[in-house]
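Visitor: Here's my sequence, what's the structure:
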Amino acid sequence: MSPHPHLRRRRRTKIIATIGPASSTPEILARLFQAGADVFRLNFSHGTHADHAARIEAIRALEVEFGRPIGILADVQGPKLRVGRFGGGRVHLQTGQAFRLDLNPTPGNSRRVELPHPEIIEAARIGTMLLLDDGKLRLRVTHKRDDHLETEIVVGGPLSDRKGVNVPDIVLPIPALTQKDRADLAFALDHGADCIGLSFVQRPEDVAEAREIAAGRAWIMTKLEKPQALDNLDAILALSDAVMVARGDLGVELPPEEVPLAQKRIVSAARALGRPVVVATQMLESMINAPAPTRAEASDVATAVFEGADAVMLSAETAAGQYPFEAVNIMDRIVARVERDPGWRAVTEAARPRPEHSSADAIAAAARAVAHTIEAKAIAAFTSSGSTALRVARERPDCPVLGLTPDVMTARRMAFTWGVHALITPLTHSMTETVARALRLVEQEGFASSGEEIVVVAGVPFGKPGTTNALRVARVK
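Guide: Alright, predicted model coming up:
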């Protein structure tokens, strides 16, 4: 028996914490989980497979210790576009001067450098903008040849070896999964990751490829960080199990004033489809080196909660920062405080998407309405695949949602979903048994006590995914 049988969050929006050198020990992982981390992210841009295997083992041990399912997000690196090296390791590019990007591996200077990506040279056009070093430097293509690009430096500055290249103006003919990504993806699937973070998606075909490889063994979370992906947003969302507003690279390739609008659009579109949506990058960035966030960062987290995000994410704050526990703790406090505000509930009610024309959506909408009317203490959603709990969570009910499932993988995926407290429980075979099980679990978990009512949602026949068609109101004896 777990020594922590009634661990419950005081908020609905979930928290994802990235694991790294500052947070990899079992002791720190336990502190982060107790502080509020619902999902742990493994960043495959850093660390070895042995590192990640040890972290996965520690997380699964934590599950056993606390008796709670924990989600694991395996975030693959994606295609990283970089310039080559310089003779002295670093140069200074002057605004207005000419600069060549070519395929020659000879170390560069202030007039030229290798661009080891012929696909960029092929796809570029006169006027194409190239952004270097996270957008700090900007180059405009003035001439194009088969093996090089001539550019004008629009914004100059220092540039060192292997700095990144972003090309916001064009769709590049490169796959979202590199050879390294495929090896990392296979490793993550073999080690039981619950969700794969797919980086630098440009087209729906990128998501379809990853889905085919995963073959249902993990969710695919599409990271929206390219302007080209926004042009295909609806088609990409339709193929994704979840999405992330990855504001780091998105903020490089889009003008700063466009990023908040893109975030709002993505969150709204994902909510309408019932896809879990994560807002990420620089949420509490100052806490890498400081024990408290700025007021602007606290407002940023609050904005994501008001917009309806399923989860908010910490990156370097918990992976490499000096205050990983404090970062999770303050994010938990900010989210919980926002969700206690009457204004948050009013905004949430106003933003509720219309139900789809299906019996499953009708039942989920009815469950929310009934729970609100009778002031139910919880909605118990029995689910095999997780779709029933997702549909109920999409309705953003007043009360907690218990996701009851016989499948441990489904329970872990529900750690990404707004408002769902997942429990692993054996399959039921009748509505009477289902209601009795729900009543016992809500009382056992501390959600309801004698005389209080709950709403139970399930599908008949039992155990068949996608058959949400039954609703009951029950009272705890």
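Visitor: And the helices in the stretch 151-300 of the chain?
Guide: 179-190, 204-214, 227-231, 233-239, 247-253, 259-273, 295-307 (DSSP state H, counting those that start in this stretch).
Visitor: Show me which helix runs longest in this protein.
Guide: helix 49-66 (DSSP state H).
Visitor: Tell me, how many residues neighbour residue 190?
Guide: 11 (other Cβ atoms under 10 Å). For every residue, glycine as well, the C-beta is placed using N, CA and C.
Visitor: and residue 354, which of the helices of the stretch 151-300 of the chain is closest to it?
Guide: When the helices of the stretch 151-300 of the chain are compared by Cβ to Cβ, helix 259-273 sits nearest residue 354, at 8.2 Å.
Visitor: Now do the closest one against helix 295-307: the angle between them, please.
Guide: On the basis of axes from the mean of the first three to the mean of the last three Cα atoms, to 10 degrees, helix 259-273 is oriented at 30 degrees to helix 295-307.
Visitor: Identify the residue spatially nearest to residue 419, adjacent ones excluded.
Guide: residue 12 (3.8 Å; Cβ to Cβ, 6 or more residues apart in numbering).
Visitor: Show the contacting residues for that neighbour.
Guide: Going by Cβ atoms under 8 Å, 6 or more residues apart in numbering, residue 12 touches 339, 396, 400, 418, 419.
Visitor: What's the PyMOL line that selects buried ones from the residues you listed?
Guide: The following PyMOL line selects those of these that are buried, judged by 16 or more other Cβ atoms under 10 Å:
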select buried, resi 339+396+400+418+419
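Visitor: what does the average pLDDT come to for stretch 260-279?
Guide: Averaging pLDDT along stretch 260-279 yields 97.
Visitor: and stretch 389-400, how far apart are its ends?
Guide: 11 Å (Cα to Cα, to the nearest Å).
Visitor: Compare the helices of the stretch 151-300 of the chain and report which one is nearest to residue 438.
Guide: Going by Cβ to Cβ, the one of those nearest residue 438 is helix 259-273, 26.5 Å.
Visitor: Let me see the contact set for residue 202.
Guide: Contact partners of residue 202, counting by Cβ under 8 Å, 6+ apart, are 171, 172, 176, 226, 228, 229, 232.
Visitor: okay, among the residues you listed, which ones form the most distant pair?
Guide: It's 172 and 232 that sit farthest apart of those, by Cβ to Cβ, at 14.1 Å.
Visitor: Dump the helices of the stretch 151-300 of the chain into TSV; add distance to residue 31 as well.
Guide: Formatted as TSV, the helices of the stretch 151-300 of the chain follow (distance: least, Cβ to Cβ, whole Å):
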stretch	distance to residue 31
helix 179-190	25
helix 204-214	31
helix 227-231	36
helix 233-239	35
helix 247-253	26
helix 259-273	30
helix 295-307	20
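Visitor: Mind splitting the protein into its structural domains?
Guide: For the chain, the structural domains run 14-78+176-343, 90-166, 359-475, going by automatic domain parsing.
Visitor: Now do the same for the nearest residue to residue 10 once chain neighbours are set aside: helix, strand or coil?
Guide: Closest residue to residue 10 apart from its sequence neighbours, by Cβ to Cβ, 6+ apart: residue 336 at 4.9 Å. Put simply, residue 336 is helix when judged by DSSP: H, G, I helix; E, B strand; the rest coil.
Visitor: rewinding a little: are any of the contacts of residue 202 buried, and which?
Guide: Among the contacts of residue 202, the ones that count as buried by 16+ other Cβ under 10 Å are 172, 176, 226, 228, 229, 232.
Visitor: Kindly calculate the angle that the helix or strand encompassing residue 34 makes with helix 49-66.
Guide: Secondary-structure assignment from DSSP states H and E places residue 34 in helix 26-35. Counting by the same axes, to 10 degrees, helix 26-35 lies at 50 degrees to helix 49-66.
Visitor: any weak-confidence spans in this protein?
Guide: 1-6, 463, 466 (pLDDT under 70).
Visitor: rerun at 90
Guide: 1-8, 80, 169, 354-357, 429, 459-469 (pLDDT under 90).
Visitor: Pull up the pairing partners for the very next helix or strand once past the helix holding residue 34, direction included.
Guide: Next helix or strand after helix 26-35 toward the C-terminus (DSSP H and E): strand 39-43. Strand pairing for strand 39-43, determined by DSSP bridges: strand 14-19 (parallel), strand 71-75 (parallel).
Visitor: Compute the number of surrounding residues for the residue nearest to residue 10.
Guide: Count around residue 336 with other Cβ under 10 Å applied: 16.
Visitor: before we move on, back to that, residue 367: which of the helices of the stretch 151-300 of the chain is closest?
Guide: The nearest among these, by Cβ to Cβ, is helix 259-273 at 17.6 Å.
Visitor: Which residues does the closest one contact?
Guide: 224, 230, 233-234, 237-238, 242-243, 245, 247, 250-251, 254, 276-277, 279, 304, 307-309, 351, 353, 394.
Visitor: before we move on, back to that, in a markdown table, list the contacts of residue 202 along with distance to residue 389.
Guide: Below are the contacts of residue 202 laid out as a markdown table (distance: Cβ to Cβ, whole Å):
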| residue | distance to residue 389 |
| --- | --- |
| 171 | 36 |
| 172 | 38 |
| 176 | 29 |
| 226 | 31 |
| 228 | 33 |
| 229 | 27 |
| 232 | 28 |
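Visitor: Quick check: strands, which of those are part of them?
Guide: Per DSSP state E, strands hold no members of these.
Visitor: Among those, which one sits closest to residue 317?
Guide: Among these, and counting by Cβ to Cβ, the member closest to residue 317 is residue 226, at 24.1 Å.
Visitor: can you tell me how far that closest one sits from residue 151?
Guide: Distance, residue 226 to residue 151, using Cβ to Cβ, to the nearest Å: 21 Å.
Visitor: and residue 120, that's in a helix?
Guide: Yes: remark: residue 120 belongs to a helix, assigned using three-state DSSP.
Visitor: Can you report how many residues neighbour it?
Guide: Neighbour number of residue 120 under other Cβ under 10 Å is 21.
Visitor: Hmm, residue 79 and it touching each other?
Guide: No: between residue 120 and residue 79 there is no contact under Cβ atoms under 8 Å: 10.8 Å.
Visitor: circling back: may I have the helix holding residue 34 exported as PDB, CA atoms only?
Guide: Provided in PDB are the C-alpha atoms of helix 26-35 (Å, rounded to 0.1, in the frame of the first residue of the first chain):
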ATOM      1  CA  PRO A  26      15.200  10.100  -6.900                       C
ATOM      2  CA  GLU A  27      15.100  12.500  -3.900                       C
ATOM      3  CA  ILE A  28      14.600  15.600  -6.100                       C
ATOM      4  CA  LEU A  29      12.100  13.900  -8.300                       C
ATOM      5  CA  ALA A  30      10.000  13.000  -5.300                       C
ATOM      6  CA  ARG A  31      10.200  16.600  -4.100                       C
ATOM      7  CA  LEU A  32       9.100  17.900  -7.500                       C
ATOM      8  CA  PHE A  33       6.200  15.500  -7.700                       C
ATOM      9  CA  GLN A  34       5.000  16.400  -4.200                       C
ATOM     10  CA  ALA A  35       5.400  20.100  -5.100                       C
END
